[in-house]
Structure formats: structure tokens, C-alpha cells
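**Student:** Got a sequence here, can you build the structure:
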Amino acid sequence: MSTRLPAIERKEQLLDLALQVFATKGYHETSMTDIAELAGVTKPVVYQHFESKRALFLAIIDNVGKKMISEITQATSQAPDGKSKAEQGTIAFFRWVANDSNSFKFLYDSGTRNDPEFAEAVKQVTKSSADAIAPLIAIELDAAHLRTLAHGVVGASEGVARHLLATNPSFNPDLVGKQVADLLWAGLRGVGTD
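**Tutor:** Predicted coordinates:
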């Protein structure tokens, strides 16, 4: 048995451990018993924090999304201009992918899109990501256009991350982040100029 933790710490521990299990085994192959055993607690302890496996899975989607957005927001908070914001934000995203590939895999590859409720939760994370990125795009455009471009940034970054994790899991996140930022910045600079 593990040591008795305060409720908030136990909940965070369960979220982190469940993420590991779901990222490797997927939703259907994971049981609450698997998570309880990994945490060194009984199954009722897990149910004290999450009413069901589905509720736990949804909580992880939300938690992972918030952590990813927080890292990008922190990285761009002191950037002086649009190009620096694009570069720092993209590097922060690829650092997150490199340092926490389980979170990326969980969010985008653990079957989240095969279930309507999970797909909706991931859609909300994507929307929140785009909402956080849109103000970083230093172009004079209307809000709807900026959100569309932000979704493009999210999609491009996700696509590159998928490719890298499949072909080169030990990639250099700073180098890749800079390369992707250069591409994005070159494209963004051309928007609205004709």
C-alpha cells in the first residue's frame, strides 16, 4: 500500500498514473484495477476520486490539454514580437511532446476520437489551444480569421509531432520547433497582404 496522501495529491497521482496506463494500453484494455495497483491503492480509493473509468479518462483529457496550453502560454508570455512568439510557442509545444510523449499519444492516439464524448473533449482542447494561439498571431485580422489560422497552426504542429513520434522519437524539440516556426511564420507573414 502507498502512503496516505492528501486528496488533491492523490487525485493528481491517479491522473498521472492513469495517463501512463491509458497511453500504452488504450481505453478498453485498461481497468480501474490496473490503475489502483499501479498507484498502490485499492480500487475504492480510485472511485473516491473518479466515479467511473470514463470520468477518469475525461479528466485526463482536460488535465493534459491544460498542461499543454500552459506550457505554450508560459513560453510566449515574454516574447517581444510575433516571430518570437511563433518560435517560442512552437518550441514549447515540441518540448512538451518530446518530454511527455505519453500525454501527446493519450490526447491524439489513444482512441479518443473513436468515442463521441471523448472526441468532443479533445475537440474542446483543440479549440482552447487555438484560442490561446490566436492572440499570439501578430497580424491585423478579424477574430474569426485569426482563429482559423490558429487551428491551422495546431493542425500543422500535431501532424509534425505524429510523424516524429512514429519515425524519430528522440528528435531535437528545439530544432524541430524552430523549423516548424519558420514555416508557420513565413506563411503567416503572407496572410492578408494581397
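
**Student:** Tally up the residues packed near the closest residue to D109 other than its chain neighbours, please.
**Tutor:** Spatial nearest neighbour of D109, chain neighbours left out: R162 (7.6 Å); criterion: CB to CB, 6 or more residues apart in numbering. Glycine gets a C-beta too; all of them are placed from N, C-alpha and C. Neighbour count for R162, taken as other CB atoms under 10 Å: 15.

**Student:** ok, R162 touching L107?
**Tutor:** No. Counting by CB atoms under 8 Å, R162 stays clear of L107, with 11.2 Å between them.

**Student:** and stretch 47-59, C-alpha only, in PDB?
**Tutor:** This file holds the C-alpha atoms of stretch 47-59, laid out as PDB (Å, rounded to 0.1, in the frame of the first residue of the first chain):
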ATOM      1  CA  TYR A  47     -13.600   5.500  -7.200                       C
ATOM      2  CA  GLN A  48     -13.400   8.100  -4.400                       C
ATOM      3  CA  HIS A  49     -11.800  10.500  -6.800                       C
ATOM      4  CA  PHE A  50     -13.400   9.400 -10.100                       C
ATOM      5  CA  GLU A  51     -16.900   8.000 -10.400                       C
ATOM      6  CA  SER A  52     -16.000   5.800 -13.400                       C
ATOM      7  CA  LYS A  53     -13.300   4.900 -15.800                       C
ATOM      8  CA  ARG A  54     -15.000   7.200 -18.300                       C
ATOM      9  CA  ALA A  55     -14.900  10.100 -15.900                       C
ATOM     10  CA  LEU A  56     -11.200   9.500 -15.200                       C
ATOM     11  CA  PHE A  57     -10.500   9.400 -18.900                       C
ATOM     12  CA  LEU A  58     -12.300  12.700 -19.500                       C
ATOM     13  CA  ALA A  59     -10.500  14.300 -16.500                       C
END
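
**Student:** which of the residues in it are buried?
**Tutor:** Across stretch 47-59, burial judged by 16 or more other CB atoms under 10 Å covers 49-50, 53, 56-59.

**Student:** Can you give the distance of that stretch from its chain's centre?
**Tutor:** 19 Å (CA atoms, centre = their mean, to the nearest Å).

**Student:** check which helix or strand covers the residue nearest to D109.
**Tutor:** Assigned by DSSP states H and E, R162 belongs to helix 143-167.

**Student:** Can you name the residues in contact with the helix or strand of the chain with the lowest mean pLDDT?
**Tutor:** Using mean pLDDT, DSSP states H and E, the weakest-scoring helix or strand in the chain turns out to be helix 101-109, at a mean of 88. Outside of helix 101-109, the residues that reach it under the criterion CB atoms under 8 Å, 6 or more residues apart in numbering are 19-20, 22-24, 60-61, 64-65, 67-68, 96-97, 112, 122, 125, 158, 161-162, 165, 169.

**Student:** Please apply the same query to stretch 56-66.
**Tutor:** 14-15, 18-19, 22, 27, 32, 35, 46, 49-50, 103, 106-107, 112, 117-118, 121-122, 124-125, 128-129.

**Student:** May I see the buried residues of the next helix or strand after the least confident helix or strand of the chain?
**Tutor:** Heading C-terminal from helix 101-109, the first helix or strand you meet, by DSSP H and E, is helix 116-133. Under the neighbour-count criterion of 16+ other CB under 10 Å, helix 116-133 has 118, 121-122, 125-126, 128-130, 132-133 buried.
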